[in-house]
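Asks: Kindly return the folded structure for what I paste below:
(chains A and B, ligands or ions: 1)
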Amino acid sequence: MDKYISVPLSDEDARSLRAGDYVYLTGTIYTARDAAHKRMQETLEAGGKLPVDMKNNVIYYMGPSPAREGCPIGSAGPTTASRMDKYAPGLLDLGLKGMIGKGKRSQAVKDAVVRNGAVYFAAVGGAGALLSKAIVKSEVIAYDDLGTEAIRRLEVENFPVIVVNDCQGNDLYETAIRAYNREG
Amino acid sequence: MPDGNGGERKIFRNMRTIEVSEITKNIKEMCIEANHFLSEDMEKVLDRAAEQEESPLGRQILEQLQENRKIAGEDMIPICQDTGMVVIFLEAGQEVHFVGGDLEAAVNEGVLQGYQEGFLRKSVVKDPIQRENTGDNTPAVLHCRIVPGDKVKITVAPKGFGSENMSRVFMLKPADGIEGVKNAILTAVKDAGPNACPPMVVGVGIGGTFEKCALMAKHALTRPVDRRSETPYVREMEEELLAKINASGIGPGGLGGSVTALAVNIETYPTHIAGLPVAVNICCHVNRHSTREL
Ligand code: SF4
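Replies: Next up, the predicted model:
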């Protein structure tokens, strides 16, 4: 089912989403990938404050290519989410409502999604040029020294994603593959 | 001319000379080209896949990928933001004399210029443990071969790591035979699933040694996806494995469907009486490579 949802993601919207929904996101999201997650984790362990309040926010696992003049961003598709599995449950428990990436999540992440009424979306991997067109503004807000891995605030308009893991514990990667499996 | 070891060093004047700056210039252009345009054979199989895919969501994804490639070429935005670590196969004719500098430095200079001027992502860290970005996407991984003739053939293949991370080497036993090889390949592909951005291209190396099979698997990814092996049993294996992979149901984006792989390309090499090495190098649908002959 096609849904148009605004971000940050309200508790009600997050809970209403189901694995398989095709969703267009509009509003503000943040990017973070491997190095930024590692640094956020270290900040939390040291008792510090995160550069982004997790509450009801959505993190996009993405490191863009450089923007050409006149464009807000370069190519901007998802990276493999499982590399962030180590950090995601802690951030979900701090109020993170949504994650956008590609690929399967660990059971611990899926459990944290259910526990917190959150959602994991997949964006189409390898469609970075197309996805960049749904990003209207991009600004580095933390960890500038990490280059492409810095934390960016993105303004998105109808950014297309698919719900993979929902708050009921459904997993589209498992169910959809079974539907087309012909191994007999 | 004395060679310092008491012998005579002969100078051959009929060698073809190539300035290494030519290599730099070509590699720069090829880095930019490969990241914005797929080869014709890749375009063809991807277009066909969009027609043949059974799942509606799968078709929608494949159509988005068509649209994505169109935007990439028209607006010069890289097809994928992971513009890869650059793998280069350089075959130098033995009649060629490179002049004007260090060949490997010239190759890396080409990568640096291509990634800077082409607005490509810098994804290389200087040390695998300390992980500081080199800032210019160098160094490349360079594989050189000396071949007969006076030409230089260069293939530039930027490799994304979503799929690279799902690649495997299996040191099988001779008794595992062809069934063992097929199982190893299917295991690697299924484990890769959605992480490798399917539909994938599967490069396989069978035989040789530990490193030789991995190199063949990488090289196999640069063979056109619509060209099968000339060895009959290998060709059969390529076709059978492709059908089996597509029966897995993984589909485009790993979200279910009938097109999981576009091709299985296998290379083989003689091996030791005690071994059966198999390497599976998985590539996503953004299987980039650009080749030129100088
Ligand atoms: S696996 Fe390929 S398509 Fe997917 S993000 Fe990496 S380079 Fe891009």
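
Asks: so which helix or strand takes in B:Asn137?
Replies: Under DSSP states H and E, no helix or strand contains B:Asn137.

Asks: Pull up the residues of chain B that are close to the ligand.
Replies: Proximity of chain B to the ligand is confined to B:80, B:82, B:160, B:162-163, B:196-197, B:284, B:286 under the rule CB under 6 Å from any ligand atom. For glycine as for every other residue, the C-beta is placed from the backbone atoms N, C-alpha and C.

Asks: What's the end-to-end length of stretch A:121-129?
Replies: For stretch A:121-129, the first-to-last residue distance is 19 Å (CA to CA, to the nearest Å).

Asks: count of neighbours near B:Ser177?
Replies: Let me fix one detail, which is that residue B:177 is Gly and not Ser. A total of 11 residues lie near B:Gly177 under the criterion other CB atoms under 10 Å in any protein chain shown.

Asks: can you pull the contacts of the nearest residue to it once chain neighbours are set aside?
Replies: Closest residue in space to B:Gly177, ignoring its immediate chain neighbours: B:Leu276 at 7.8 Å, by CB to CB, 6 or more residues apart in numbering or on different chains. The neighbourhood of B:Leu276, defined by CB atoms under 8 Å, 6 or more residues apart in numbering or on different chains, consists of B:171-174, B:176-177, B:180-181, B:206-207.

Asks: contacts for the helix or strand containing B:Val169?
Replies: Under the criterion of DSSP H and E, B:Val169 resides in strand B:168-172. Contacts of strand B:168-172 with the rest of the structure, by CB under 8 Å, 6+ apart, involve B:180-181, B:184, B:187-188, B:191, B:210, B:213-214, B:275-280.

Asks: In strands, which of these appear?
Replies: The strands, defined by DSSP state E, take in B:276-280 from those.

Asks: Identify, from the residues you listed, the entry nearest to chain A.
Replies: Of all the ones in strands among the contacts of strand B:168-172, B:Val280 has the smallest distance to chain A: 17.5 Å, by CB to the nearest CB.

Asks: from memory the closest one sits against B:Met200, does it?
Replies: No: counting by CB atoms under 8 Å, B:Val280 stays clear of B:Met200, with 10.4 Å between them.

Asks: Now for these two: what residues contact both?
Replies: Residues touching both B:Val280 and B:Met200 by CB under 8 Å, 6+ apart: B:Val189.

Asks: nearest residue to the residue of chain A found nearest chain B other than its sequence neighbours?
Replies: Closest residue of chain A to chain B, CB to the nearest CB: A:Ala176 (2.9 Å). Nearest non-adjacent residue to A:Ala176, counting by CB to CB, 6+ apart: B:Gly256, 2.9 Å away.

Asks: just B:Ser229 next, same as before
Replies: B:Arg235 (4.7 Å).

Asks: count of residues packed around the one you found?
Replies: Once other CB under 10 Å is used to define contacts, B:Arg235 is seen to have 13 neighbours.

Asks: The one 3 residues further on now?
Replies: Applying other CB under 10 Å, we find 20 other residues in the vicinity of B:Glu238.

Asks: pLDDT at it, what is it?
Replies: pLDDT for B:Glu238: 98.

Asks: can you check A:Ser75 too?
Replies: Confidence at A:Ser75, expressed as pLDDT, is 97.

Asks: Could you list which residues are in contact with the closest residue to it other than its chain neighbours?
Replies: Using CB to CB, 6+ apart and skipping the chain neighbours, the partner closest in space to A:Ser75 is A:Gly128 (3.4 Å). Residues near A:Gly128 by CB under 8 Å, 6+ apart: A:64-65, A:74-77, B:68, B:77-82.

Asks: roughly how far apart are A:Gly128 and A:Ile73?
Replies: Going from A:Gly128 to A:Ile73 by CB to CB, to the nearest Å gives 10 Å.

Asks: Mind listing the shared neighbours of those two?
Replies: A:Pro64.

Asks: where does the stretch 101-250 of chain B come near chain A, residue by residue?
Replies: Contact residues, the stretch 101-250 of chain B versus chain A (CB under 8 Å from any CB of the partner chain): B:119-123, B:131, B:133, B:135, B:160, B:162, B:165, B:193-195, B:197, B:244, B:247-250.

Asks: Would you pull up the residue in chain A closest to the ligand?
Replies: The ligand sits closest to A:Gly126 of chain A, with a gap of 2.7 Å, by CB to the nearest ligand atom.

Asks: Name the helix or strand for that residue, please.
Replies: Using DSSP H and E, A:Gly126 falls within no helix or strand.

Asks: Can you tell me which helices and strands the lengthiest helix in chain B packs against?
Replies: Determined from DSSP state H, the single longest helix within chain B is helix B:56-75. Packing partners of helix B:56-75 (3 or more CB pairs under 8 Å, 6 or more residues apart in numbering or on different chains; DSSP states H and E): helix A:128-132, helix B:40-52.
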